[in-house]
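Undergrad: model this:
(one chain, ligands or ions: 2)
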Amino acid sequence: MHEPRKIIIDTDPGQDDAAAIMLAFGSSEDLEVLGITVVAGNVPLSYTSRNARMVCELCGRSDVQVYEGALGPLERPQVTAEHVHGKTGLDGPVLPEPTMPVNPQHAVDFIIATLRREPAGTVTLCTLGPLTNIALALQKAPDVMLRARELVMMGGGFFEGGNITPAAEFNIYVDPQAADLVIRSGIPLVMLPLDVTHQLLTTKARVQRIGAIGTRAASVMVEWLEFFERFDIEKYGSDGGPLHDPTVIAYLLKPELFSGRDCNVEIETVSELTMGMTVVDWWRVTNRPANVRFMRDVDADGFFDLLIDRFARL
Ligand code: BDR
Ligand code: CA
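TA: Ligands and ions are numbered 1, 2, ... in the order given. Down below sits the predicted model:
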């Protein structure tokens, strides 16, 4: 028996964030969720906070504490994605409003206090939204943040281009200044970009397998996925849409599903045309040092087998 790996999930739910949280909860032998911190992203903070608690309650995990963080990006005006996720961020099925309270501690203080308390190199930060909370923690306590074991993020894109602008992926675009601080922080970083997530389509066959699990949580997930994919099906003309955020949790559980390389990544923070672009030196054409483990490929069937197996354990 191994000790479960300690993680903090920083998130802006979002249907795919919900799938990531559910994957973590279904993997309690491997992962201990120390807390969930929420940030403004797909929708404003009041909704991401509500949604995170809704997912906890759906999974029978109202014991997990939810902490509210940044109301918006460090410098830029807030950009949201209701056109993808619906007005609440978790549109689709009608669910009861959550009753569990928000923990009154600020998300940034929770992150710092947790990294300070736990032995250095034991806590993994999992980010599924804009990096504002992490950047604020870095501004407040840079040395403490270096105690993180690693930070695994869903964000960026290179060979696939962007999804919110031709050049930028949503999580990085929303707060490029925050992403830039994180990238320069010295925390070991793993990036799961659109290059990976666009290989993970929620095809009809895969969604049916989730439905066949037969639990309430699984059927709610099917409704979330069906709502979420409608936008991408129209956009990409594919059978199903890409599933982004669970890649972060899947990477912790089965890194062998993913392949990539260590390389230099820089964030565009000046040009409006390419704002938030992740400039990846994949071919090592500069001598800038590697600062990110950038993933490019994934075993899609292996990923969905894992997801479905863990959803079924809830
Ligand atoms: C990312 O943006 C959000 O809309 C999703 O939840 C995911 O985190 C994909 O670009
Ligand atoms: Ca997200």
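Undergrad: what about G60, how many residues close to it?
TA: Using other CB atoms under 10 Å, G60 has 11 other residues around it. Every C-beta, even on glycine, is put in place using the N, C-alpha and C of the backbone.
Undergrad: can you give me the end-to-end distance of stretch 138-156?
TA: 20 Å (CA to CA, to the nearest Å).
Undergrad: any residue of that stretch touching ligand 2?
TA: No. Stretch 138-156 lies out of reach of ligand 2 by CB under 5 Å from the ion, never closer than 6.5 Å.
Undergrad: is that stretch in proximity to ligand 1?
TA: Yes. Contact of stretch 138-156 with ligand 1 (CB under 6 Å from any ligand atom) involves M154.
Undergrad: buried sites along that stretch?
TA: Using 16 or more other CB atoms under 10 Å as the test for burial, stretch 138-156 gives 138, 141, 144-145, 147-156.
Undergrad: what about it, distance to the chain center?
TA: 14 Å (CA atoms, centre = their mean, to the nearest Å).
Undergrad: show the contacting residues for whichever residue of the stretch 151-300 of the chain sits closest to ligand 2.
TA: Taking CB to the ion as the measure, the stretch 151-300 of the chain has D245 as its residue closest to ligand 2, at 4.9 Å. Taking CB atoms under 8 Å, 6 or more residues apart in numbering, we find D245 in contact with T11, G14, D16, D17, A19, A20, L128, M154.
Undergrad: give the ChimeraX command for selecting the buried subset of those.
TA: This is the ChimeraX syntax for the buried subset of the contacts of D245, where burial follows 16+ other CB under 10 Å:
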select :11,14,16,17,19,20,128,154
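Undergrad: circling back to that earlier point, now render the buried residues of stretch 138-156 as TSV, adding secondary structure.
TA: As requested, the buried residues of stretch 138-156 are exported to TSV (DSSP: H, G, I helix; E, B strand; the rest coil):
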residue	secondary structure
L138	helix
A141	coil
V144	helix
M145	helix
R147	coil
A148	coil
R149	coil
E150	strand
L151	strand
V152	strand
M153	strand
M154	strand
G155	coil
G156	coil
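Undergrad: what is the nearest of those residues to L194?
TA: L194 lies nearest to G156 out of the buried residues of stretch 138-156, by CB to CB, at 7.2 Å.
Undergrad: ok, of the buried residues of stretch 138-156, which one's closest to E256?
TA: V152 (14.9 Å).
Undergrad: in helices, which of the contacts of D245 fall?
TA: If you go by DSSP state H, the contacts of D245 have D16, D17, A19, A20 in helices.
Undergrad: give me the distance between R53 and V102.
TA: 7 Å (CB to CB, to the nearest Å).
Undergrad: quick check: neighbours shared by those two?
TA: When contacts are counted by CB under 8 Å, 6+ apart, R53 and V102 have V66 as shared neighbours.
Undergrad: neighbour-wise, which of these two wins?
TA: Relative neighbour count places R53 above the other of R53 and V102, with 23 against 16, counting by other CB under 10 Å.
Undergrad: what parts of the stretch 101-250 of the chain come near ligand 2?
TA: Within the stretch 101-250 of the chain, the residues that sit near ligand 2 (CB under 5 Å from the ion) are L128, G129, D245.
Undergrad: keep these, but drop any that are not near ligand 1.
TA: L128, G129, D245.
Undergrad: so what's F170 up against?
TA: With contact taken as CB under 8 Å, 6+ apart, F170 is in contact with G41, N42, A81, N163, I164.
Undergrad: which members of the residues you listed occur in strands, if any?
TA: With strands identified by DSSP state E, none of the entries of those belong to them.
Undergrad: so which residue is smack in the middle of this structure?
TA: The centroid of the chain falls nearest to L128 when counting by CA atoms, centre = their mean (1.6 Å).
Undergrad: verify the stated contact: that residue with I7.
TA: No. In this structure L128 lies outside contact range of I7 using CB atoms under 8 Å: 11.4 Å.
Undergrad: still on that earlier bit, so which of the ones next to ligand 1 among the residues of the stretch 101-250 of the chain next to ligand 2 sit within strands?
TA: Per DSSP E, these never map to strands.
Undergrad: could you dump these to a markdown table with pLDDT?
TA: Listed next are these as a markdown table, based on pLDDT from 0 to 100:
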| residue | pLDDT |
| --- | --- |
| L128 | 98 |
| G129 | 98 |
| D245 | 98 |
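Undergrad: tell me where the chain is predicted with low confidence.
TA: For the chain, applying pLDDT under 70 flags the ranges 1.
Undergrad: longest helix in it, please.
TA: Secondary structure of the chain per DSSP H: the longest helix is helix 216-236.
Undergrad: how about it and ligand 1, any contact?
TA: No. Shown here: helix 216-236 not in contact with ligand 1 (CB under 6 Å from any ligand atom), separated by at least 8.7 Å.
Undergrad: and the closest residue to ligand 1 within the stretch 1-150 of the chain, how far from ligand 2?
TA: Scanning the stretch 1-150 of the chain for proximity to ligand 1 using CB to the nearest ligand atom identifies G14 as nearest, at 3.8 Å. Distance from G14 to ligand 2, counting by CB to the ion, to the nearest Å: 4 Å.
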